[in-house]
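sequence and computational prediction follow.
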Number of protein chains: 2
Amino acid sequence: MSESAAVRRGRGRRPAAEVRAAVLEAAGRILLRDGMQAVTFERVAAEAGSSKTTLYKWWPSPGALAAEAYFTHSRALLDFPDTGDIRADLVTQLGAFVRWLKESGAEGPVSQLVGAAQLDADLARAWSQSYAVPRRDLAAERLRIAQRQGQLRADADLHVIVDQLWGACYHRLLVLKVDFDTSIVERLVDHALYGAAPRAT
Amino acid sequence: MSESAAVRRGRGRRPAAEVRAAVLEAAGRILLRDGMQAVTFERVAAEAGSSKTTLYKWWPSPGALAAEAYFTHSRALLDFPDTGDIRADLVTQLGAFVRWLKESGAEGPVSQLVGAAQLDADLARAWSQSYAVPRRDLAAERLRIAQRQGQLRADADLHVIVDQLWGACYHRLLVLKVDFDTSIVERLVDHALYGAAPRAT
């Protein structure tokens, strides 16, 4: 039976995977539009056309649902280009991240999610294990290729490079609370690649 | 009249500055020992020997009191050495910061303060304007001296260097939620100074 046939059989019969996708889509939409406080089981259930009971069964808290919705919505951001030029690819990837924060309205929800994670161990675990650390690993993979090709030093610490690019953006967003835009991207990448000390002559 | 004479005259008569200092000290002690949730006006007043009414008058919320107590307690951390060697001074300063987080028990309270700041605009303003941005400016001052001395490139972005040192630590603490220790310090400094790309030969 095709998926659309299942849908035609009526709401109550939608396959679980389909309901789950609809719920995550609705939660992500609410999160990006109205912020984390707005992601309640009641509103998400209403907007996804599912039952609140289902949501209670699948997610321990609205925070956990909001986090998973964020991961799902930002998945496209994880794609890391490989044009063979690590500088260009870092500029592309980090630029997409800054645009996602600053131009797609993710800035508020991301701050609220990371903020709530500091006060909620379950959310912290979900955020770290399902999103932040896998993202770092993906970036490190691309950096490792560049390292093998001699575009990064053999003793470069790939995790430190990630800290110095994405971490710098989070630093301004969460800790300094100062504004920034994509004009920061090339500067961050060049500092990470070439450093701040005078180059050897 | 000496300050100690004022104390001898009894609790009710202590000068405001002295009460304020005692309250901040008590709040800082509670914050570092038991975390942010434990910083309530009731407990702080009891531990500082002051009245709850005074605390309500001086601070808009327990969060604001906790933030100011944290700034007061961590003030010593702001001292930035100038031995004439920027690499050594960055290692000293960043090392003190990491030890403060990881060995003096500040890690939890700092996470909770920054976390709460994402959900509380007043706390965010206090944290940013009274602590995070002034700290960045102090670091940038020391970096500027090094830049004038030719130890940093003339076109180096001093704020980016701060992002890539302190921001990297906050990235692991708040976003990645992975453990780290002082072994990260020299690596962060060397990456910030010399970059990850192969050095020109």
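Nice, I can see it.

C-alpha only now, for contacts and for neighbours.
Will do.

what about the closest residue to residue A:65 other than its chain neighbours, distance to residue A:40?
Leaving aside its sequence neighbours, residue A:65 sits nearest to residue A:59 (C-alpha to C-alpha, 6 or more residues apart in numbering or on different chains; 5.9 Å). Residue A:59 sits 11 Å away from residue A:40, going by C-alpha to C-alpha, to the nearest Å.

same check on residue A:163?
Distance, residue A:163 to residue A:40, by C-alpha to C-alpha: 33 Å.

compare those two (neighbour count), which wins?
residue A:163 (27 against 20; other C-alpha atoms under 10 Å in any protein chain shown).

and the residue lying closest to residue A:28 once chain neighbours are set aside, what element?
Computed as C-alpha to C-alpha, 6+ apart, the closest residue to residue A:28 that is not its neighbour in sequence is residue A:69, at 4.8 Å. In the assignment (DSSP states H and E), residue A:69 maps to helix A:62-73.

buried ones in that helix?
A:62-71, A:73 (16 or more other C-alpha atoms under 10 Å in any protein chain shown).

what about it, average pLDDT?
The average of the pLDDT scores along helix A:62-73 is 88.

the strands in chain A, which residues?
Counting by DSSP state E, chain A has no strands to list.

which strands and helices sit next to the longest helix anywhere in it?
Across chain A, the helix with the greatest residue count (assigned by DSSP state H) is helix A:16-34. If you count contacts as 3 or more C-alpha pairs under 8 Å, 6 or more residues apart in numbering or on different chains; DSSP states H and E, helix A:16-34 packs onto helix A:41-48, helix A:62-73, helix A:107-117.

now the longest one: how far from the chain's centre is it?
Between the mean C-alpha location of helix A:62-73 and the chain-wide mean there is a distance of 10 Å, by C-alpha atoms, centre = their mean, to the nearest Å.

got the angle for that helix vs helix A:16-34?
Between helix A:62-73 and helix A:16-34, the angle formed by their directions is 100 degrees, by axes from the mean of the first three to the mean of the last three C-alpha atoms, to 10 degrees.

go on, the first one?
Interaxial angle of helix A:41-48 relative to helix A:16-34 (the same axes, to 10 degrees): 110 degrees.

for helix A:41-48, buried residues please.
A:41, A:44-45, A:47-48.

now tell me what touches that helix from outside.
A:19, A:22-23, A:25-27, A:30, A:51-52, A:55-56, A:62 (C-alpha atoms under 8 Å, 6 or more residues apart in numbering or on different chains).

send me that helix as PDB with only the CA atoms.
Only the C-alpha atoms of helix A:41-48 are listed here, as PDB (Å, rounded to 0.1, in the frame of the first residue of the first chain):
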ATOM      1  CA  PHE A  41       2.200  19.800  23.100                       C
ATOM      2  CA  GLU A  42      -1.300  21.400  22.700                       C
ATOM      3  CA  ARG A  43      -0.300  23.800  19.900                       C
ATOM      4  CA  VAL A  44       1.900  21.400  18.000                       C
ATOM      5  CA  ALA A  45      -0.800  18.700  18.100                       C
ATOM      6  CA  ALA A  46      -3.400  21.200  16.800                       C
ATOM      7  CA  GLU A  47      -1.100  22.400  14.000                       C
ATOM      8  CA  ALA A  48       0.000  18.900  13.000                       C
END
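
quick one: low-confidence ranges for chain A?
By pLDDT under 70, the low-scoring segments of chain A are A:1-12, A:76, A:78, A:200-201.

one more time with 80
Scanning chain A for pLDDT under 80 picks out the ranges A:1-13, A:75-79, A:200-201.

may I have the phi/psi pair for residue A:150?
Dihedral pair for residue A:150: phi 80, psi 10, per degrees, to the nearest 10.

from what I see, it and residue B:198 are in contact.
Yes: with contact defined as C-alpha atoms under 8 Å, residue A:150 and residue B:198 form a contacting pair (7.5 Å).

spatially central residue in chain A, please.
When C-alpha atoms, centre = their mean is applied to chain A, the residue found nearest the centroid is residue A:74 (4.8 Å).

ramachandran angles for that residue?
According to degrees, to the nearest 10, residue A:74 has phi -100, psi 10.

count the residues that sit near residue A:150.
Look at residue A:150: counted by other C-alpha under 10 Å, it has 12 neighbours.

what of the one 10 residues further on?
Burial of residue A:160, expressed as a neighbour count using other C-alpha under 10 Å, amounts to 23.

and residue A:79, by the same measure?
Around residue A:79 there are 11 residues (other C-alpha under 10 Å).

can you give me the neighbour number for the residue nearest to residue A:107 when sequence neighbours are not counted?
What sits nearest to residue A:107 in space, not counting adjacent residues and going by C-alpha to C-alpha, 6+ apart, is residue A:101, at 4.4 Å. Applying the criterion other C-alpha under 10 Å, we find 20 residues in the vicinity of residue A:101.
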